[in-house]
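Undergrad: Build me a model:
(one chain, ligands or ions: 2)
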Amino acid sequence: MPALDARIAAITNQQKNGKIMNNKRILITGGAGFLGSHLSERLLNEGNEIICLDNFFTGSKENIIHLMDNPRFEVLRHDVTIPLYIEIDEIYNLACPASPIHYQHDPVQTTKTCVHGAINMLGLAKRTGAKIMQASTSEVYGDPEIHPQVESYWGKVNPIGIRSCYDEGKRCAETLFLDYYRQHNLDIKIARIFNTYGPKMHANDGRVVSNFVVQALKGEDITIYGDGEQSRSFCYVDEMVDAFIRLMGSDREFIGPVNLGNPGEFTIRELAEKTLAMVGSKSSLINEPLPEDDPKQRQPDISLAKEKLGWEPVIKLDEGLSKTIEYFKSVL
Ligand code: NAD
Ligand code: UDP
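TA: Numbers count the residues shown, from 1 in each chain. Ligands and ions are numbered 1, 2, ... in the order given. Next comes the predicted model:
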């Protein structure tokens with residue numbers, strides 16, 4: 001087994017040279033996806049051992065290829081709907097397609113990923129004593145009646161619509177996390193993530209920032225769904241990853257759910273106009289039908305994250321968008 005021997009020797013050398021500062025063994029499900037690949041890179045750079053689990057539905061090897069020759073990085077092709085038996089210290093449970101077109105492609109699998117995936121990862125946490133963080137979502141608020149959204153709001157979610165596989169799947173996952181906490185005293189954390197964007201989003205991901213940037217760069221029409229007056233609040237990926245790590249490192253008593261997002265709110269039309277101006281594109285804005293149950297507004301109240309995690313995003317949309325545009329220029 002020369003390859004294995006070489007990997008063990010490399011790790012031992014790194015330990016001897018003091019290069020491994022943190023050596024927790026961390027499982028990141030959905031580790032080859034947009035957020036998972038950034039998180040993998042950051043935690044690997046901090047000296048941890050990473051097990052990057054993915055079924056490569058929306059994730060890709062390109063996102064993690066630059067990490068693969070690191071002996072502390074391991075890729076596991078696996079589906080979270082199937083139980084997993086490994087030894088780990090921490091779990092970030094990110095596995096789940098996040099874009100509406102992808103999670104609606106196979107809605108039954110989406111619910112299974114959210115629910116069976118949560119049960120399997122919670123079971124793993126229970127057996128190993130690992131701390132576990134759930135990537136939940138602002139979608140648990142549905143089409144919210146209060147603005148901005150606070151964690152105590154229970155949401156207005158359609159249980160039988162085309163977004164329900166994701167929204168209700170994520171809500172059920174939160175229920176499971178809380179039940180494992182109350183019943184088995186697990187060390188849990190729940191992050192309610194608001195729209196996050198940045199490099200390594202998939203060009204055909206279907207989410208609004210990647211769609212608009214790619215359309216503007218290619219000179220194609222910018223597809224505004226509905227009248228474009230619906231709003232979203234956009235957080236740059238590096239700041240979201242920072243929040244995950246702070247949440248994982250927070251006191252055991254603090255379990256969330258905690259809103260994570262940038263409160264800077266923009267209408268979709270404003271985002272389209274900003275993208276056009278920044279790319280210097282001649283694309284036209286066109287209107288397409290608004291998808292069913294598309295939430296009208298979203299803005300996180302992040303008072304809890306500020307208080308408990310000392311976290312507040314500072315990267316403005318212009319700055320983050322400019323980095324995202326540079327990224328898509330390099331890959332298209
Ligand atoms: P993404 O689609 O880029 O990444 C999801 C990853 O999970 C992909 O690599 C995919 O292949 C993998 N995956 C999907 N189903 C799986 C399964 N059954 N088993 C194993 N792997 C599976 O999306 P993302 O933006 O990186 O989102 C990551 C997590 O954060 C998701 O759980 C998502 O719901 C949550 N989230 C993201 C946002 C956002 O704006 N990016 C907002 C709210 C919540
Ligand atoms: N949207 C749009 N054009 C697109 C893609 C999305 O107008 O090409 C709109 C979409 O209808 C929604 C908003 O942008 O109102 C955010 O969509 P996204 O899929 O990024 O995230 P989510 O709806 O899950 O917040």
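Undergrad: What helix or strand is Leu44 located in?
TA: Here Leu44 sits within helix 34-45, counting by DSSP states H and E.
Undergrad: Please identify the buried residues of stretch 229-241?
TA: 230-241 (16 or more other Cβ atoms under 10 Å). Backbone N, C-alpha and C define where each C-beta goes, glycine included.
Undergrad: Where does pLDDT dip in the stretch 151-300 of the chain?
TA: For the stretch 151-300 of the chain, no stretch has pLDDT under 70.
Undergrad: Let me see the ranges of the helices in it.
TA: Ranges of helices within the stretch 151-300 of the chain are 164-184, 208-218, 237-248, 268-279, based on DSSP state H, counting those that start in this stretch.
Undergrad: how distant is the first one from the center of its chain?
TA: Its chain's average C-alpha position is 17 Å from that of helix 164-184, according to Cα atoms, centre = their mean, to the nearest Å.
Undergrad: near ligand 2, anything from it?
TA: No - with Cβ under 6 Å from any ligand atom as the criterion, ligand 2 is not reached by helix 164-184; the gap is at least 8.3 Å.
Undergrad: Show me what that helix packs onto, helices and strands only.
TA: helix 100-103, helix 107-128, strand 131-137, strand 188-193 (3 or more Cβ pairs under 8 Å, 6 or more residues apart in numbering; DSSP states H and E).
Undergrad: As CSV, those with mean neighbour count would be great.
TA: As requested, the helices and strands packed on helix 164-184 are exported to CSV (neighbours: other Cβ atoms under 10 Å):
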stretch, mean neighbour count
helix 100-103, 20
helix 107-128, 20
strand 131-137, 25
strand 188-193, 24
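Undergrad: what separates the residue nearest the centre of the chain from ligand 1, distance-wise?
TA: By Cα atoms, centre = their mean, the mean C-alpha position of the chain lies nearest to Leu35, the distance being 4.4 Å. To ligand 1, Leu35 is 4 Å away according to Cβ to the nearest ligand atom, to the nearest Å.
Undergrad: what does Phe56 give?
TA: Taking Cβ to the nearest ligand atom, one finds Phe56 at 5 Å from ligand 1.
Undergrad: where's that residue relative to Thr275, distance?
TA: Distance, Phe56 to Thr275, by Cβ to Cβ, to the nearest Å: 29 Å.
Undergrad: the more surrounded of the two?
TA: Taking neighbours as other Cβ atoms under 10 Å, Phe56 and Thr275 compare with Thr275 leading, 25 against 13.
Undergrad: residue contacts, the closest residue to the more buried one other than its chain neighbours?
TA: Closest residue to Thr275 apart from its sequence neighbours, by Cβ to Cβ, 6 or more residues apart in numbering: Phe212 at 4.4 Å. Neighbouring residues of Phe212 by Cβ atoms under 8 Å, 6 or more residues apart in numbering: 222, 271-272, 275.
Undergrad: Now Glu239: closest residue in space, sequence neighbours ignored.
TA: Pro313 (4.3 Å).
Undergrad: whoops, Leu122 was the one
TA: Closest to Leu122 by Cβ to Cβ, 6+ apart is Tyr180, at 4.6 Å.
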